[in-house]
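>>> build me a model:
(one chain, ligands or ions: 1)
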Amino acid sequence: MKISVLALQGDFAEHAEYFRKAGAEVELVKSADKIRNSEALVIPGGESTTYNRLMKRFGIIDALKELKEKKVPVFGTCNGLILLARSATGEDPDYSLGFLDITVSRNAYGRQRESFEADISLHIDGESSFRGIFIRAPKILEVGSSVEVLAKLGDEPVLVRQGPFLGATFHPELTDDTRIAEYFLRLAEKATS
Ligand code: GLN
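Coordinates of the predicted model:
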């Protein structure tokens, strides 16, 4: 399975490594053509305002919207989740791409908790614990009825799936625990089989 990792800005190198560790072939992509030809795409952590600007400059917004129409699996982490949401507070609505029927609030944990680690409860193959690394993370405020919550921090959803689209408010790629990459690979394999 080949995973394309969007490499405009942010921690795309860590995502590439994370998916390689999980057994995937990885390609870094930037152009509309490469995005259109992706079997599965990862949008990394980064700064969503910068991403908005770069997505426009690289002319890739339509290519990303096509992935949504074609139901190509996409996984967004933190910044990536913000871009996949139906809407995000403080964002230009043009760039909330609406892959996931959720609303999010950016940088929602406040200054004192800009970055923190906490155990989250993961509901993939039963219930288990996962070390969540949160970096200026967004909060998911609303979740539509077709969205499945796959992990929670306390009562808050932090990993959600809608069909072939997956989003995390935390950074699994900064851990050695490849379970979330493996889960996305399974989604991607299912979509292409
Ligand atoms: N705070 C960033 C934003 O709102 C997201 C941070 C991240 O991706 N780690 O764009």
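>>> for residue 89, which residues are in contact?
103-106, 141 (C-beta atoms under 8 Å, 6 or more residues apart in numbering). The C-beta positions use only the backbone N, C-alpha and C, and glycine is treated the same way.
>>> give me that answer again for 10 Å
82, 103-108, 138-139, 141 (C-beta atoms under 10 Å, 6 or more residues apart in numbering).
>>> quick check on those: which are buried?
82, 103-104, 106, 108, 138-139, 141 (16 or more other C-beta atoms under 10 Å).
>>> the ligand contacts on the protein?
45-48, 78-79, 82, 106-107, 135-136 (C-beta under 6 Å from any ligand atom).
>>> residue boundaries of the strands in this protein?
Remark: strands assigned in the chain by DSSP state E are 2-6, 25-29, 41-43, 74-77, 85-89, 100-105, 115-123, 127-135, 139-143, 148-153, 156-162, 165-168.
>>> the fourth one pairs with which strands?
Applying DSSP bridges to the sheet, strand 74-77 is found paired with strand 41-43 (parallel), strand 165-168 (parallel).
>>> and the ones you listed as a markdown table, adding mean pLDDT, distance to residue 29 and mean neighbour count?
Shown next, in a markdown table, are those (pLDDT from 0 to 100; distance: least, C-beta to C-beta, whole Å; neighbours: other C-beta atoms under 10 Å):
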| stretch | mean pLDDT | distance to residue 29 | mean neighbour count |
| --- | --- | --- | --- |
| strand 41-43 | 98 | 8 | 27 |
| strand 165-168 | 98 | 17 | 27 |
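>>> those strands into CSV, with extra columns for distance to residue 34?
Putting the strands paired with strand 74-77 into CSV (distance: least, C-beta to C-beta, whole Å) gives the following:
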stretch, distance to residue 34
strand 41-43, 10
strand 165-168, 19
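>>> how about the longest helix belonging to the chain: buried residues?
In the chain, ranked by residue count with DSSP state H as the criterion, the top helix is helix 179-192. Going by neighbour count (16+ other C-beta under 10 Å), the buried part of helix 179-192 is 180-185, 187-188.
>>> ditto for stretch 5-13
5-12.
>>> stretch 57-73 too?
Here stretch 57-73 shows 60-61, 63-64, 67-68, 72-73 as buried, counting by 16+ other C-beta under 10 Å.
>>> all set, thanks.
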